[in-house]
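# Sequence and predicted model, in that order:
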Amino acid sequence: MSIQVGQKAPAFSLFNTEKQKVSLAEQQGKPVVLLFFPLAFTGVCTAELCNVRDNIALYNNTNAQVFGISVDSLFTLDKFSKEQNLNFPLLSDFNKEAATAFGVLYETFPAFEMMGVSKRAAFVVDKDGVVQYAEVCPTPGDLPDFNAIQAVLAAL
C-alpha cells in the first residue's frame, strides 16, 4: 500500500543527474513535489515531465521543489533531462528504495513484463515532511492530477 495523506514521508537519499546525493530531509522547510515515473524516454513519461517543465513557474511561485524520480540510472536520466530541457532535478532510484518506501513499485510492469519499475505517482510533502497529497495513477498511461497538486501547494 502506498503512503497516504497525513503520514510522514519516508526518508530517502538518491543521486541526481549531477552525481550528487539528494535527501528528502535536506528539503525540510519548503514543500516538495515527488513525481515517480516508470521510465525515461517513453511517451507518457515525457509528456508528464514536459508538462511540469512548461509550468515550472506554478511550482516556483509556491516555493516548491519538484523532483522526478525513476528507477533509470542517473546517466540515462541525465541524457533524458538534457534532451527534454527539463528545469527541475531528476533522481535515480536505481536500487528501488524510494519507490518501495512510498509503496509505488510494480511487481511486474504491465508492459514487457519488466520487474521493479515505478508506478506513476505524485506526492506533495509539506515543509514539515508530512504528505499532503498522494496519488498513484491506476495505469502507466494515466497522468497525475496537476490541478489538484497545484491546489494543495497553494493551500500550504
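Nice, thanks for sending it over.

# got a pLDDT number for the residue nearest in space to the middle of the chain?
The chain has residue 35 as the residue nearest its centroid, 1.9 Å off, counting by Cα atoms, centre = their mean. Note on residue 35: pLDDT of 98.

# ditto for the one 4 residues further on
pLDDT, the model's per-residue confidence, is 94 for residue 39.

# hang on, isn't the residue nearest to the centre of the chain packed against residue 48?
Yes: Residue 35 is in contact with residue 48 according to Cβ atoms under 8 Å; the separation is 6.9 Å. The C-beta positions use only the backbone N, C-alpha and C, and glycine is treated the same way.

# shared neighbours of those two, anything?
The contact sets of residue 35 and residue 48 overlap at residue 144 (Cβ atoms under 8 Å, 6 or more residues apart in numbering).

# about what we covered before: not counting the helix or strand the residue nearest to the centre of the chain falls within itself, show me its contacts.
Assigning secondary structure by DSSP states H and E places residue 35 in strand 32-36. Contacts of strand 32-36 with the rest of the structure, by Cβ under 8 Å, 6+ apart, involve 9, 24, 48-49, 52, 59, 64-70, 93, 98-99, 102, 104, 118-125, 144, 149, 153.
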